[in-house]
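A.B. asks: here is my input, please return the structure:
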Amino acid sequence: GWVGYARAMRVVVVGGGFSGLAAAAVLWRGGARVRVLEARERIGGRVLTRRLDDGTALDLGAQWIGPTQERMAALVAGYGLDTFPSAAHGRTAVRWDGQLREAPPESARRLVDLLDRLAAEVDPAAPWRAARADEWDRFTLGGWLATVAPDPVTARYVGRLLAGGLLAADPDEVSLLQVLFYLRSGGGSALLLGMAGGAQQDRIVGGPPALAERMAAALPAGTVRPGAPVRAIHQDDLKVVAYTDDGAYPAEAVVVAMAPALAGRIAYSPALPVLRDGLTQRMPMGSALKLHAVYPTPFWRAAGRSGVTTSAEGPVTETVDNSIPGSTRGVLTAFSYGRQARELRRLSPGRRQAAVLAALVQLVGPAAAEPDDLIEYDWSADEWTRGCFCGSLTPGSWRDYGPALRQPVGRVHWAGTETAIRWAGYLEGAVLAGERAAAEILARPAT
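C.D. replies: Below you'll find the predicted structure:
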């Protein structure tokens with residue numbers, strides 16, 4: 001326990017993902033005695049790497065880092081890990097109104113450019129303060145696109161690209177303001193959507209869990225306790241106590257480094273303030289399905305294709321070449337979002353795989369029909385995640401509930417990528433949020 005640290009500030013971190021681990025590192029370096037309580041039997045949160053029998057690594061969760069993500073770059077280098085560039089061979093493809101083309105038409109680019117210009121008016125630290133925040137938060141992205149797009153295909157494509165590809169949601173589920181916040185937080189559409197030169201530029205050798213494991217190993221032995229879901233948090237004027245199934249952990253402060261939707265499932269005493277609890281009810285997790293089709297070779301490269309596609313129709317919104325350097329096998333990773341992902345979930349496993357492979361055939365050719373393996377991981381079914389990539393505020397919620405996103409409640413401080421101002425929704429945002437929450441605690445007056 002805490003023996004020998006009677007005078008050091010004690011802090012409990014709830015959640016052993018990147019945000020919780022980053023918070024713990026700053027707290028420990030700041031002289032605090034830290035305990036990280038993680039519900040899963042593993043650390044890392046929304047990252048998971050699975051190895052096939054031949055050693056091919058599949059990143060089932062978050063996997064990319066890119067330019068301007070300085071904290072992740074520093075952590076990778078500081079913990080002695082390497083990155084490798086995402087595969088980039090040949091042409092991209094866009095499925096548009098039943099046809100394949102190399103790029104979306106100018107109408108789509110103009111619409112995304114307009115969104116970037118609107119996003120420049122949003123302060124990511126306080127989106128509700130934008131001059132048109134109320135108007136933008138009333139519109140869903142889908143509703144806005146229906147009024148400004150020149151045709152239904154452009155509206156559908158941009159909606160899938162942004163609400164789906166960025167928030168793993170349907171365009172009718174998220175507000176225009178939520179999308180503008182996200183665009184601004186990540187530095188604009190070119191950075192967010194790009195491979196080389198963008199957020200999907202690099203991958204971590206060994207997968208992101210390798211970094212999480214090194215971050216945990218750098219903390220004092222016994223700091224991180226897996227298999228310890230926090231069920232309740234009680235606080236009073238003198239202390240705060242986190243309760244797991246097998247013990248109580250008293251501290252001066254707690255960092256809850258979890259998505260708001262999951263943070264709201266902990267029992268708090270006294271009860272959370274109305275607006276903070278309301279926030280947790282209004283920030284559902286995204287709905288993404290990520291499927292890896294594994295082939296003997298990356299056959300699409302022989303035809304001069306990159307394997308990177310986007311689609312205005314069908315169950316698959318986008319694909320990437322996720323092959324690993326040094327492996328002869330080809331990995332084509334497909335993403336389905338929002339309503340399309342939910343429709344796939346309702347199918348039997350066999351019919352779901354058939355639907356995905358049929359979409360891949362349309363996008364990269366007939367050889368896609370016969371993979372050696374098709375591996376899916378559904379984060380929405382994961383008890384301690386319940387959705388990916390992240391949580392998004394429901395339309396109309398930013399003004400009243402947004403201010404509660406980072407506001408501490410007594411001795412309880414909030415982290416998690418959803419609370420980030422820069423790169424919200426990404427590993428970078430998770431780290432920044434954890435470090436911010438830790439700094440808040442270290443600045444608290446001693447008790």
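
A.B. asks: my hunch is that Val94 is in a strand, does that hold up?
C.D. replies: Yes: with DSSP: H, G, I helix; E, B strand; the rest coil as the criterion, Val94 is part of a strand.

A.B. asks: what score does it have for pLDDT?
C.D. replies: Predicted confidence (pLDDT) for Val94: 98.

A.B. asks: look up how far Pro229 lies from Val241.
C.D. replies: 15 Å (C-beta to C-beta, to the nearest Å). Where you see a C-beta, it was placed from the backbone N, CA and C, and this is true even at glycine.

A.B. asks: likewise for Arg129?
C.D. replies: 36 Å.

A.B. asks: these two: who's more crowded?
C.D. replies: Pro229 (17 against 13; other C-beta atoms under 10 Å).

A.B. asks: so that one sits against Gly15, correct?
C.D. replies: No: applying C-beta atoms under 8 Å as the test, Pro229 and Gly15 come out as separate, 9.9 Å apart.

A.B. asks: which residues do those two both contact?
C.D. replies: Common neighbours of Pro229 and Gly15, counting by C-beta atoms under 8 Å, 6 or more residues apart in numbering, are Leu37, Ala39.

A.B. asks: what about the one residue sitting closest to the centre of the chain, helix or strand, and which?
C.D. replies: Central residue of the chain (C-alpha atoms, centre = their mean): Phe389, 3.5 Å from the mean position. Using DSSP states H and E, Phe389 sits within no helix or strand.

A.B. asks: contact partners for it?
C.D. replies: Arg46, Ala62, Leu166, Leu167, Ala168, Gly286, Ala288, Gly425.

A.B. asks: Ala251 too?
C.D. replies: Per C-beta under 8 Å, 6+ apart, neighbours of Ala251: Arg10, Val11, Val12, Arg35, Lys239, Val240, Val241, Ala242, Arg411.

A.B. asks: what does Leu183 give?
C.D. replies: Leu115, Asp116, Ala119, Leu162, Leu166, Ser189, Leu192.

A.B. asks: for Pro150, same thing?
C.D. replies: Per C-beta under 8 Å, 6+ apart, neighbours of Pro150: Ser107.

A.B. asks: that one belongs to a helix?
C.D. replies: No: counting by three-state DSSP, Pro150 is not part of a helix but coil.

A.B. asks: will you turn the contacts of Leu183 into a markdown table that also has secondary structure?
C.D. replies: Shown next, in a markdown table, are the contacts of Leu183 (three-state DSSP):
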| residue | secondary structure |
| --- | --- |
| Leu115 | helix |
| Asp116 | helix |
| Ala119 | helix |
| Leu162 | helix |
| Leu166 | helix |
| Ser189 | helix |
| Leu192 | helix |
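
A.B. asks: closest to Asp382 out of the residues you listed?
C.D. replies: Leu166 (20.5 Å; C-beta to C-beta).

A.B. asks: list the backbone torsions phi and psi for Asp400.
C.D. replies: Reported as degrees, to the nearest 10, the phi and psi values for Asp400 are phi -80, psi -30.

A.B. asks: kindly report the same for Arg132.
C.D. replies: The phi/psi pair for Arg132 (degrees, to the nearest 10) is phi -110, psi 20.

A.B. asks: let me know how buried it is, in neighbour terms.
C.D. replies: 14.

A.B. asks: where's Gly304 relative to Val364, distance?
C.D. replies: Counting by C-beta to C-beta, the gap from Gly304 to Val364 is 12 Å.

A.B. asks: name the residue in the two with the higher neighbour count.
C.D. replies: Ranked by neighbour count (other C-beta under 10 Å), Gly304 and Val364 place Val364 first, with 27 against 9.

A.B. asks: what sits against that one?
C.D. replies: Ala93, Trp300, Arg305, Gly307, Thr309, Thr319, Leu332.

A.B. asks: narrow these to those in strands?
C.D. replies: Among the contacts of Val364, DSSP state E puts Ala93, Arg305, Gly307, Thr309, Thr319, Leu332 in strands.

A.B. asks: tell me which stretches of the stretch 151-300 of the chain form helices.
C.D. replies: With DSSP state H, counting those that start in this stretch, the ranges of helices along the stretch 151-300 of the chain come out as 152-159, 165-167, 176-185, 189-193, 208-217, 260-263, 274-281.

A.B. asks: would you mind putting those into CSV with mean pLDDT alongside?
C.D. replies: Formatted as CSV, the helices of the stretch 151-300 of the chain follow (pLDDT from 0 to 100):
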stretch, mean pLDDT
helix 152-159, 98
helix 165-167, 98
helix 176-185, 98
helix 189-193, 97
helix 208-217, 98
helix 260-263, 98
helix 274-281, 98
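
A.B. asks: ok, which of the ones you listed comes nearest Leu374?
C.D. replies: So among the helices of the stretch 151-300 of the chain, helix 165-167 is nearest, using C-beta to C-beta, at 21.1 Å.

A.B. asks: helices and strands around that closest one, which ones?
C.D. replies: Packing contacts for helix 165-167, counted by 3 or more C-beta pairs under 8 Å, 6 or more residues apart in numbering; DSSP states H and E, involve helix 176-185, helix 189-193.

A.B. asks: adding distance to Gly30, write these out as TSV.
C.D. replies: Shown next, in TSV, are those (distance: least, C-beta to C-beta, whole Å):
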stretch	distance to Gly30
helix 176-185	26
helix 189-193	31
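
A.B. asks: among the ones you listed, which is the most enclosed?
C.D. replies: helix 176-185 (a mean of 26; mean count of other C-beta atoms under 10 Å).

A.B. asks: that older thread, give me the distance between the residue nearest to the centre of the chain and Gly286.
C.D. replies: For Phe389 relative to Gly286 (C-beta to C-beta), the value is 5 Å.
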